[in-house]
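Enquirer: Pasting the sequence and the predicted model now:
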Amino acid sequence: MTSVGGGAGMLTVLDGRTGKQHSIEVSADGFINASALKRITAGGDGVGLRVYDPGYSVTAAACSSISHRAGPTGMPHYRGIPVNELLGRASFTEVAYLLIYGHLPTRDELAAYDQSITAHSYIPKQVQQVIYTMPSTTHPMTLMMAGFTALGACYLGQNPAVAGQGVYKSAEVQDQLIARVLGKVSTLAALVYHKVTGSYPTPPKASLSYAENFLYVVKADGNQDYCPDPQLVKVVEMLLVLLAEDGLCCSTAAVRHLASSGVDVFTAMAGGAGALAGINDGGELEAVLNMLQEIGTPDDVAAFLQQVKNGHKQLCGFGPGNQAARPLTEQMLEELAGLHTDDPLMQAGLALQADVASDEFFCAAQQQHPGPNFHTALVCRALGLPIQYCTVITAVARAAGWCAHWKESLLDPATKIARPQQDYRGHWVRHYESLSVRDPQSPDVPEGPTLVSPQVLEDPWSPEVPEDGRSMVPGQQVLIMSEASGTMGDRNSSSSSSTGGRAMGSDSSYYSTLGRAA
């Protein structure tokens, strides 16, 4: 096996400022400890060297054993297992267990873990009200962030700010919160779907798998006899597995960054969702579909690509990046080949891919190839998901990776609060001048902000929040909790199912469904 980064050794640095020579240890993976650079000083204020690295492109902020990319293609590996070996064979909860606990579960461990996650799949009434009373134009990822934050308000007894910093030292508390996150994130995503589409919410079923339940709560529309299409279930399972983890990507780094400050797990998840929503991260899925909607039909692809060449349009979902996941997403598209074949966006997407591949300008000159987000966007479209909703399914899947990194950071004794250095380039020292002597015409005074009158910013209509939490949008409805006995739900008891020796308690909440709101 080829050594990573050239292998271990010593790096010799000659400081031309002082003539001194410094030896810095290089790890087997090709990393140096940044504190070694800090010890290299050259007089002045005595502050040692620091590294300027926008975007942390060559900076390791943590040691992790969760995932990596290996081989000539950069194939993602989950705990050392190539993801292509997991795709189509392992369930999402099986992969989540692998990412979080470092090994594949036994049959009994997986059954207990599935049961624990299902037991935590219900959403408290207060959280439902938060989702359904948001404005009708709210973006789905904003609703996900609001939902995560509201969930944090429901479990203050396991919030370090309330229960003390030591609360997360308990493995039982960690595992219970992880089961809560994984159980509730798919139901939360379903509530967001119904908020966005105005369709009818359906409580999850304990008898269904994770992927089946996701499709069931999204697509059943109140029909409890609805049975998800096995082909769709297979593709959703594959999609969740593929999107479950991506190393220290932007959203995962945000989760670890927030966790380092000691926030509760739901706040960390909300931060991850916020980062994921960005167009440079998971939000690119939405950008791809918006681009295809702008193109319209396959006949319009050539004109669009000419505009890209002229610099008037942007090609979303393409780039010179890693192509390892491309065969995996193409495999999912093949599974869905018979669905939505008459969808103009699907046809435009496939035509765009073919035209870019045959155009020397994009392939040879710019190395523009369809990235994983391009094909993932097409898969989401084939599944019948709304354009704005596609990033939500990434959040559902990525919750597994976020939880794995959250737990790993808690167990890592080297974890410190994340506080990057800055290369300050502003004024070093200035003195205050009173308002009466400041010259507005002085060249040293920068141009002030453009002020908008308050009348323009005010919302002329502020909807009231109904007492029962129903949406003000016609056709939408809300799930309300009841204490009806005999209904499956989270039970906050001392009893717990054992998952590899880990306690998995649950909380008390039960579903009942109200009719459609007027």
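Expert: That came in fine, so what should we check first? Computed from a prediction, not measured in an experiment: that's the story for all the values here.
Enquirer: hang on, residue 12 in a strand?
Expert: Yes: counting by DSSP: H, G, I helix; E, B strand; the rest coil, one finds residue 12 located in a strand.
Enquirer: That one: neighbouring residues, count only.
Expert: Residue 12 has 9 neighbours, counted by other Cβ atoms under 10 Å. C-beta here means a position set from N, CA and C on the backbone, and glycine is covered the same way.
Enquirer: Chain neighbours aside, what residue packs nearest to it?
Expert: residue 23 (5.7 Å; Cβ to Cβ, 6 or more residues apart in numbering).
Enquirer: quick one: contacts for that neighbour?
Expert: Residues in contact with residue 23, defined by Cβ atoms under 8 Å, 6 or more residues apart in numbering, are 10, 11, 12, 13.
Enquirer: List just the nearest of those to residue 193.
Expert: Using Cβ to Cβ, residue 11 comes nearest to residue 193 of the contacts of residue 23, at 52.2 Å.
Enquirer: Please work out how many residues are found near the closest residue to the closest one other than its chain neighbours.
Expert: Excluding the flanking residues, the one nearest residue 11 by Cβ to Cβ, 6+ apart is residue 24, at 4.5 Å. When neighbours are counted by other Cβ under 10 Å, residue 24 registers 15.
Enquirer: now swap in residue 398 and tell me
Expert: Residues near residue 398, counting by other Cβ under 10 Å, number 27.
Enquirer: So it sits against residue 251, correct?
Expert: Yes: look at residue 398 against residue 251 with Cβ atoms under 8 Å: they come within range, at 6.3 Å.
Enquirer: Quick check: neighbours shared by those two?
Expert: Taking Cβ under 8 Å, 6+ apart as the criterion, residue 398 and residue 251 both touch 272, 276, 282.
Enquirer: my read: the first one touches residue 252, true?
Expert: Read that as residue 272. Yes: contact criterion Cβ under 8 Å: residue 272 and residue 252 qualify, at 6.7 Å.
Enquirer: the strands in this structure, which residues?
Expert: Under the criterion DSSP state E, the chain contains strands at 9-14, 21-26, 67-70, 75-78, 81-82, 318-319, 369-370, 479-481, 497-499, 502-504, 511-513.
Enquirer: Can you tell me the strand partners of the fifth one and which way each runs?
Expert: Take DSSP bridges as the rule and strand 81-82 pairs in its sheet with strand 75-78 (antiparallel).
Enquirer: what about the strand it pairs with, distance to the chain center?
Expert: Distance, stretch centre to chain centre, for strand 75-78: 18 Å (Cα atoms, centre = their mean, to the nearest Å).
Enquirer: Send over it as PDB, restricted to the C-alpha atoms.
Expert: Below are the C-alpha coordinates for strand 75-78, written out as PDB (Å, rounded to 0.1, in the frame of the first residue of the first chain):
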ATOM      1  CA  MET A  75     -13.800   5.400  -3.200                       C
ATOM      2  CA  PRO A  76     -15.400   6.400   0.100                       C
ATOM      3  CA  HIS A  77     -14.700   3.900   2.900                       C
ATOM      4  CA  TYR A  78     -16.900   3.700   6.000                       C
END
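Enquirer: which residues are in contact with that strand?
Expert: By Cβ under 8 Å, 6+ apart, strand 75-78 touches 66-70, 82-84, 86, 95, 98-99, 244-246, 324-325.
Enquirer: Swap in 6 Å and give it another go.
Expert: Applying Cβ atoms under 6 Å, 6 or more residues apart in numbering, the external contacts of strand 75-78 come out as 67, 68, 69, 70, 82, 83, 98, 99, 245, 324.
Enquirer: Residue 213 reaches residue 204, doesn't it?
Expert: Yes: with contact defined as Cβ atoms under 6 Å, residue 213 reaches residue 204; the gap is 4.6 Å.
Enquirer: Looking at residue 272 and residue 252, which one has more neighbours?
Expert: residue 272 (34 against 26).
Enquirer: any idea how far that one is from residue 145?
Expert: Distance of residue 272 to residue 145, given as Cβ to Cβ, to the nearest Å: 9 Å.
Enquirer: Same question for residue 165.
Expert: To residue 145, residue 165 is 25 Å away according to Cβ to Cβ.
Enquirer: Counting by contacts, list what the longest helix along the chain packs against.
Expert: In the chain, assigned by DSSP state H, the helix with the most residues is helix 171-197. When contacts are defined as 3 or more Cβ pairs under 6 Å, 6 or more residues apart in numbering; DSSP states H and E, helix 171-197 sits against helix 107-119, helix 140-153, helix 210-219, helix 390-411, strand 502-504.
Enquirer: Name the residues of that helix that come out as buried.
Expert: Neighbour-count burial for helix 171-197 flags 173-197 (criterion: 16 or more other Cβ atoms under 10 Å).
Enquirer: OK, contacts around residue 158?
Expert: Counted by Cβ under 6 Å, 6+ apart, residue 158 has contacts 167, 173.
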